[in-house]
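Asks: just coords:
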């Protein structure tokens, strides 16, 4: 009879250890490793002569409300006009997106109008064969990039070992246009900065990243997290460096509702599980720091919902003994606080810790939903744009 409880105790700690490591130990370990073995890359000043040709690619589906502002923002970039092309690829838009883009064709904006909706990954694959630039800057329709960001990204390509450069995204409120204190995003940026110092940066921010066009490897149609897969696939095939430039800034609106944010995270969760079919070779220890960061930062998180379920179930079965009775009540209390944080108005600083509980629980529930969608094939590369404000206050056009 003692064998079963002992086995359950082992199972509980097997489930608990990855959660503690992924969310608690890994950020501290990453900081230590980056200090001991990493290096802060120095950005080149830029080419001594002519800047390389640059193609800005925006894939849009039914973005009539924001596409004009996006194009004006792109045309305002501080980059030699004769070396820049702005390309909008429409993925089967059924609103006025393409008509708006055509109004700018006299200013050098190109429209790639794909009538059949195929999904972002398929459109990127098709558009890459049409682009002229040596460097491709990928961005979203709801993003506004700083005028200097293009030069800051492109300067890194003076190093032939650099294959992709990820910029930094600042989340803003749709009503105020001001930076939103998003603890999760601050945490993610911290991880990116330190992973980059180790040479283990994972993917990019879809809002702003640049890639050598000749390193682009077509991604499987239906790929969901293209901004994650594209840079890592280039690294997998060529061994190129992926760097992070915190000075190359882009601004993007936060999701307008908790439901919209949950739907986005569930989609990203499905994309994460899907991506392993392509990127699993990067988990080989021979890949060095990339294998370490991919496993610690991503894979353990994607498995997190199952570890949490295992913790809850085993502690319930062991609730007739300590410390598992206390651990069970601790978990139930934590999830209760998560629900409370969901129900209460959320921008008060006094509720920040409460909101962290809500964020953690919501993230793992979204990953669980994403897993089942991926498992049953209830996903594809198409997407429904998040409702946008027509204008982003406080952001240059």
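Replies: Arrived safely, thanks for sending. Here the structure is a predicted model, which means the values were calculated and not measured.
Asks: What segments of the stretch 201-350 of the chain are strands?
Replies: 208-212, 241-253 (DSSP state E, counting those that start in this stretch).
Asks: Now do the longest one and strand 208-212, the angle between them.
Replies: Here strand 241-253 runs at an angle of 150 degrees relative to strand 208-212 (axes from the mean of the first three to the mean of the last three C-alpha atoms, to 10 degrees).
Asks: Okay, buried residues for strand 241-253 please.
Replies: With burial defined by 16 or more other C-beta atoms under 10 Å, the residues of strand 241-253 counted as buried are 241, 242, 243, 244, 245, 248, 249, 250, 251, 252, 253. For the C-beta atoms, the positions are set from N, CA and C on the backbone; glycine is no exception.
Asks: gap between the third one and residue 64?
Replies: Right, the one you point to is residue 243. 35 Å (C-beta to C-beta, to the nearest Å).
Asks: Find the nearest non-adjacent residue to residue 292, please.
Replies: The shortest distance from residue 292 to any non-neighbouring residue, by C-beta to C-beta, 6 or more residues apart in numbering, is to residue 200 (6.2 Å).
Asks: Give me the residues contacting the strand or helix carrying residue 136.
Replies: For residue 136, the element it lies in under DSSP states H and E is strand 135-139. Applying C-beta atoms under 8 Å, 6 or more residues apart in numbering, the contact partners of strand 135-139 are 52-58, 74, 124, 128, 145, 150, 153-154, 157, 206-213, 216, 227, 230, 250.
Asks: Break down the stretch 1-150 of the chain into its helices, ranges please.
Replies: With DSSP state H, counting those that start in this stretch as the criterion, the stretch 1-150 of the chain has helices at 3-20, 26-37, 67-75, 97-102, 120-128, 149-154.
Asks: So for the second one, what gets flagged as buried?
Replies: Judged by neighbour count using 16+ other C-beta under 10 Å, the buried positions of helix 26-37 are 26, 27, 30, 31, 33, 34.
Asks: The last one contacts residue 197, correct?
Replies: Yes: under the criterion of C-beta atoms under 8 Å, residue 34 makes contact with residue 197 at 4.3 Å.
Asks: Could you measure from the residue nearest to residue 292 over to residue 163?
Replies: Distance from residue 200 to residue 163, by C-beta to C-beta: 14 Å.
Asks: same thing with residue 23?
Replies: Applying C-beta to C-beta to residue 23 and residue 163 gives a distance of 30 Å.
Asks: State whether the residue nearest to residue 292 is indeed within a helix.
Replies: No: assigned with DSSP: H, G, I helix; E, B strand; the rest coil, residue 200 falls outside any helix and is coil.
Asks: ok, it - contacts?
Replies: Going by C-beta under 8 Å, 6+ apart, the list of residues near residue 200 reads 288, 289, 290, 292, 293, 294.
Asks: can you rerun that using 6 Å?
Replies: Shown in contact with residue 200 (C-beta atoms under 6 Å, 6 or more residues apart in numbering): 289, 290, 293.
Asks: which residues touch residue 154?
Replies: Residue 154 neighbours (C-beta under 6 Å, 6+ apart): residue 135.
Asks: Mind doing that once more with 8 Å?
Replies: Contacts of residue 154 (C-beta under 8 Å, 6+ apart): 46, 51, 52, 54, 79, 135, 137, 165, 210.
Asks: Need the pLDDT of the closest residue in space to the first one that isn't next to it in sequence.
Replies: Of all residues beyond its chain neighbours, the one nearest residue 46 is residue 155 (4.3 Å), with distances taken as C-beta to C-beta, 6+ apart. At residue 155, the predicted lDDT confidence score is 94.
Asks: What's the local residue count around the closest residue to residue 71 other than its chain neighbours?
Replies: Nearest non-adjacent residue to residue 71, counting by C-beta to C-beta, 6+ apart: residue 104, 5.2 Å away. Around residue 104 sit 19 other residues, with neighbours defined as other C-beta atoms under 10 Å.
Asks: In terms of pLDDT, where does residue 104 sit?
Replies: pLDDT, read off for residue 104, is 93.
Asks: now swap in residue 306 and tell me
Replies: We have a pLDDT of 96 for residue 306.
Asks: For the helix or strand in which residue 357 is found, list every residue counted as buried.
Replies: Using DSSP H and E, residue 357 maps to helix 352-375. For helix 352-375, burial by neighbour count (16+ other C-beta under 10 Å) applies to 354-371, 373-374.
Asks: cool, stretch 194-213 as well?
Replies: Neighbour-count burial for stretch 194-213 [16+ other C-beta under 10 Å]: 194-213.
Asks: picking up where we left off before, select, out of the helices of the stretch 1-150 of the chain, the one closest to residue 335.
Replies: helix 3-20 (13.7 Å; C-beta to C-beta).
Asks: chain center to the closest one, what's the gap?
Replies: 32 Å (C-alpha atoms, centre = their mean, to the nearest Å).
Asks: What is that helix packed up against?
Replies: helix 300-317, helix 324-343 (3 or more C-beta pairs under 8 Å, 6 or more residues apart in numbering; DSSP states H and E).
Asks: And the contacts of it?
Replies: 300, 303-304, 306-308, 310-311, 314-315, 317-318, 321, 324, 327.
Asks: how about these, which pair is most distant?
Replies: 300 and 321 (28.1 Å).
Asks: Quick one: buried ones out of the contacts of residue 200?
Replies: Buried among the contacts of residue 200 by 16+ other C-beta under 10 Å: 289, 290, 293.
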